[in-house]
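> Turn this into a structure:
(chains A and B)
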Protein chains: 2
Amino acid sequence: MTQPTHTYASAGVNLDAADRAKLLMREAIRSTLGPEALGPMGGFGGLFALGGLNYHDPVLVSSIDGVGTKLKIAFALNRHDSVGKDLVAHCVNDILVCGARPLFFLDYLALGSMDGDQAVAVVRGVAEGCREAGCALIGGETAAMPDFYAPGEYDLAGAIVGIVERDRIVSGAAIRAGDVALGFPSLGLHTNGYSLARRIFASDDLTAPVPELGRSLGDELLQPHQSYRAAVQPLLDAGLVTGMAHITGGGLVDNIPRALPEGLGVDLDATTWDVFPIFRHIQRRGAVAWEEMLRVFNLGIGFIVFVHSEDEARALKLAGASGARRIGAVHALAGERAEQPLVRVEGLE
Amino acid sequence: MTQPTHTYASAGVNLDAADRAKLLMREAIRSTLGPEALGPMGGFGGLFALGGLNYHDPVLVSSIDGVGTKLKIAFALNRHDSVGKDLVAHCVNDILVCGARPLFFLDYLALGSMDGDQAVAVVRGVAEGCREAGCALIGGETAAMPDFYAPGEYDLAGAIVGIVERDRIVSGAAIRAGDVALGFPSLGLHTNGYSLARRIFASDDLTAPVPELGRSLGDELLQPHQSYRAAVQPLLDAGLVTGMAHITGGGLVDNIPRALPEGLGVDLDATTWDVFPIFRHIQRRGAVAWEEMLRVFNLGIGFIVFVHSEDEARALKLAGASGARRIGAVHALAGERAEQPLVRVEGLE
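Here you go, the predicted model:
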């Protein structure tokens, strides 16, 4: 029996369209490359020369992450130019926590179909995020995966590699009781809590204006993840930072303990910062307990820097227009405080 | 109107189950870590110290990749212990092409649900691949993405970072007319061509023995991607290698040109190697043209090393028991040969 002829294209993988898309991506990618990015050399691997960086005892700091179900908002609105910036900012913040500056980035984009301008828009967003972070986009994989992703849908992940002098690594070990927690405002949900938010707003029109938000739910939920590097670097350069936390999945209560030495807890006062309307909107509409909100969302604080109390004024001055402010302090876990959670947040209602 | 209470768990993200799975992964991950892997330091970023490596002018070589639709075979057979090895081997080969040795790896696993042992099995496979490659698994993201992936399904990607001395980078620029192409046998499809293969075998029982294959289609299609580092490293150390190609998506005809200097082409003789039964089975069952087969599958050759013809005997001796053999040669693109494709394969039928 003769079978019908199969080609790769008929199986849903259009190699020529892929080639066209890659050509369009190339210009955006090139704009991120400095002299350290060698190549292209066949394109199997991305090359980055360390020779000119002049580190005494260099440590590479790396992180890999995705955008999560925020992508579903991008699909619903057919807007694909910002999720790449989300991804890069998230990764930049993750290595900033150790005191590292970004060197290069690689992205993984898996889509249902390679046709259309979608893949190009996504990668341009990644490149834009890299340019802003001073980070070379030296590698990427664009994989057509029919049967995994519906046409027009995709998953996006990326890995960052940065560098720090070994004796400048920030681990949180220097945090001591009495230290001040400086909170840097987020721009919204960033990239966490979308599974819950989408469930709550499942039947809402994403494009309709919402009075409480001053804009549509879609615009609010697609607001890109912010990078804190520019705001935090002056504090690092001045040697003021004892520990940092990037507030992602797990929120304030689960991320801050990753930086805390044993025997210390943090008390935060939520009246010191602006819990954005979107978080209150989610809380009300979903009747979500604040305890749960704290574990899922950043609630308006995207990054935390700990400094000794005597350095607070200088640190806030160096943080400039970032909106950073004192939101709490570090306490020894003794007496009554030992019975409380590591991170206690008051004033949420 | 009071809304029902939403928690993150009811939105499909079970953070406690995630914590349990991460605990189980930790042991496997630890087994990959050498003294260069610092930390954990809060776990936002993975740290790798370069100080002790003693490179004169180090260049980092990195790559990011996924497993592709081979994952659908793993889902169908409910076997999740080998796809992680596929991923690592693919990445190791991609940076081997530049002459780099692996330093560290990061994995991205996005799944529909965090319950069950599946995520642990996948990450254990990644760790096993890393251990075999002498590569530290210093970072990873396990993302629960309900509504993206069905329960029991996932996508898996990973990034590798390796290192090479700048003056030992292999770019293919040293390839010259007369060079010999040494082919290193693959173990099967590796991680490419699965969209086509799955379409052809869509109605087949993956667990039934297939006489032509000597085993079931499922076993054949899940055969892990091979790493060529152990086989190729002695040729690199001896300084014999003028260029390399990893045969992935695009097959022999699209991957070899990535290493070729302008003005050169390669003629391969397919009778010199074993085009495995699985490839003939696919070709026959799908009535796929050999020209198409060449562009989609590795056809039994997973890696190519070019050496000067005077070095052929020594190179083959150094390649030892890898099964490497001469499969073709490099020619100047002049006269009649200039009218032909860059890579010409004869003897396929």
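> contacting residues for A:Ala315?
Residues in contact with A:Ala315 (CB atoms under 8 Å, 6 or more residues apart in numbering or on different chains) are A:Leu182, A:Leu235, A:Ala238, A:Leu240, A:Val305, A:Val307, A:Ala324. C-betas here are computed from N, CA, C, even on glycine.
> Just the buried subset of those residues, written out for PyMOL, thanks.
For the buried members of those, the matching PyMOL selection, counting by 16 or more other CB atoms under 10 Å in any protein chain shown, is:
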select buried, chain A and resi 182+235+240+305+307+324
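> Count residues in the vicinity of A:Glu27, would you?
When neighbours are defined as other CB atoms under 10 Å in any protein chain shown, A:Glu27 has 11 of them.
> do the one 5 residues further on as well
Residues lying near A:Thr32 (other CB under 10 Å) number 23.
> any idea how far it lies from B:Gly162?
Distance of A:Thr32 to B:Gly162, computed by CB to CB, to the nearest Å: 21 Å.
> residues touching the residue lying closest to A:Gly214 once chain neighbours are set aside, list them.
What sits nearest to A:Gly214 in space, not counting adjacent residues and going by CB to CB, 6 or more residues apart in numbering or on different chains, is A:Pro277, at 7.6 Å. Neighbouring residues of A:Pro277 by CB under 8 Å, 6+ apart: A:Glu212, A:Leu213, A:Gly214.
> Now flag whichever of those is closest to B:Glu336.
A:Leu213 (69.2 Å; CB to CB).
> Checking my notes, that closest one in a strand, right?
No - read with DSSP: H, G, I helix; E, B strand; the rest coil, A:Leu213 is coil and lies in no strand.
> mind checking pLDDT for the nearest residue to it once chain neighbours are set aside?
Distances taken as CB to CB, 6+ apart place A:Glu220 nearest to A:Leu213, at 5.0 Å, with adjacent residues excluded. If you check A:Glu220, the pLDDT there is 97.
> Count the neighbours of A:Pro234 for me.
A:Pro234: 15 neighbours (other CB under 10 Å).
> The stretch 151-300 of chain A against chain B: which residues are in contact?
By the rule CB under 8 Å from any CB of the partner chain, the part of the stretch 151-300 of chain A lying against chain B is A:155, A:157-159, A:161-162, A:166, A:169, A:171-172, A:193, A:195-196, A:198-200, A:245-246, A:250, A:258-259, A:285-289, A:292, A:295-296.
> Restricted to strands, list those.
Cross-referencing those against strands under DSSP state E gives A:Asp155, A:Ala157, A:Gly158, A:Ala159, A:Val161, A:Gly162, A:Ala245, A:His246.
> pretty sure the third one is touching A:Asp65, no?
This means A:Gly158. Yes - with contact defined as CB atoms under 8 Å, A:Gly158 counts as touching A:Asp65 (6.7 Å).
> any shared contact partners between the two?
Residues touching both A:Gly158 and A:Asp65 (CB under 8 Å, 6+ apart) are A:Leu87, A:Cys91.
> Who has more neighbours out of the two?
For A:Gly158 and A:Asp65, the more surrounded residue by other CB under 10 Å is A:Gly158, and the numbers stand at 31 against 26.
> What ranges does chain A have for its strands?
Secondary structure of chain A (DSSP E): strands at A:37-38, A:46-49, A:58-66, A:101-111, A:136-144, A:154-165, A:180-185, A:209-210, A:215-216, A:241-246, A:264-269, A:301-307, A:325-332, A:343-346.
> Now do the helices in chain A.
Assigned by DSSP state H, the helices in chain A fall at A:15-30, A:70-77, A:83-96, A:118-133, A:194-200, A:217-222, A:229-237, A:251-255, A:277-286, A:290-296, A:312-318.
> For the last one, buried residues please.
In this case it means helix A:312-318. Here helix A:312-318 shows A:Glu312, A:Ala315, A:Leu316, A:Leu318 as buried, counting by 16+ other CB under 10 Å.
> so who does the residue nearest the centre of chain A touch?
In chain A, the C-alpha nearest the mean C-alpha coordinate belongs to A:His90, at 1.6 Å (CA atoms, centre = their mean). The contact partners of A:His90, by CB under 8 Å, 6+ apart, come to A:Asp65, A:Val67, A:His190, A:Thr191, A:His225, A:His246, A:Thr248.
> gap between the first one and chain B?
In this case it means A:Asp65. 5 Å (CB to the nearest CB, to the nearest Å).
> That residue against A:His190, yeah?
No - if you go by CB under 8 Å, A:Asp65 and A:His190 don't touch, sitting 11.4 Å apart.
> Okay, now the unreliable bits of the stretch 1-150 of chain A?
Filtered on pLDDT under 70, the stretch 1-150 of chain A yields the residue ranges A:1-15, A:17-18, A:39-43, A:115-116.
> make it 80
Across the stretch 1-150 of chain A, residues meeting the criterion (pLDDT under 80) sit at A:1-24, A:39-44, A:114-116, A:146.
> Contacts only, for A:Val170.
A:Val97, A:Cys98, A:Gly99, A:Leu236, A:Val241, A:Thr242, A:Gly243, A:Met244.
> Leaving out sequence neighbours, find the closest residue to it.
In space, A:Val170 is closest to A:Gly99, 4.0 Å off (CB to CB, 6+ apart).
> can you tell me which residues contact that neighbour?
A:Gly99 neighbours (CB under 8 Å, 6+ apart): A:Val164, A:Arg168, A:Ile169, A:Val170, A:Leu236, A:Val241, A:Met244.
> quick revisit: just the helices of chain A: most buried one?
helix A:83-96 (a mean of 28; mean count of other CB atoms under 10 Å in any protein chain shown).
> Now do that helix against helix A:15-30, angle only.
50 degrees (axes from the mean of the first three to the mean of the last three CA atoms, to 10 degrees).
> Can you give me the end-to-end span of stretch A:47-65?
One end of stretch A:47-65 sits 21 Å from the other (CA to CA, to the nearest Å).
> Flag every buried residue along that stretch.
Under the neighbour-count criterion of 16+ other CB under 10 Å, stretch A:47-65 has A:Leu47, A:Phe48, A:Ala49, A:Leu50, A:Pro58, A:Val59, A:Leu60, A:Val61, A:Ser62, A:Ser63, A:Ile64, A:Asp65 buried.
> ok, which pair from these is furthest apart?
The most distant members of the buried residues of stretch A:47-65, if one measures by CB to CB, are A:Ala49 and A:Asp65, lying 25.5 Å apart.
> I'd say A:Gly250 and A:Leu294 touch.
No - in this structure, A:Gly250 is not within contact of A:Leu294 by CB under 8 Å, at 9.5 Å.
> Specify the residue ranges that define each domain of chain A.
By the assignment in automatic domain parsing, chain A contains the domains A:15-38+A:54-168, A:180-346.
> B:Gly129: which of the ones you listed is closest?
When these are compared by CB to CB, domain A:15-38+A:54-168 sits nearest B:Gly129, at 15.6 Å.
> how far out from the middle of the chain is that closest one?
In terms of CA atoms, centre = their mean, to the nearest Å, the centre of domain A:15-38+A:54-168 is found 12 Å from the chain centre.
> what about A:Gly239, neighbour count?
A:Gly239 sits with 9 neighbouring residues when counted by other CB under 10 Å.
> so how many other residues sit close to the closest residue to A:Ala143 other than its chain neighbours?
Distances taken as CB to CB, 6+ apart place A:Ala110 nearest to A:Ala143, at 4.6 Å, with adjacent residues excluded. By the criterion of other CB under 10 Å, A:Ala110 has 24 neighbours.
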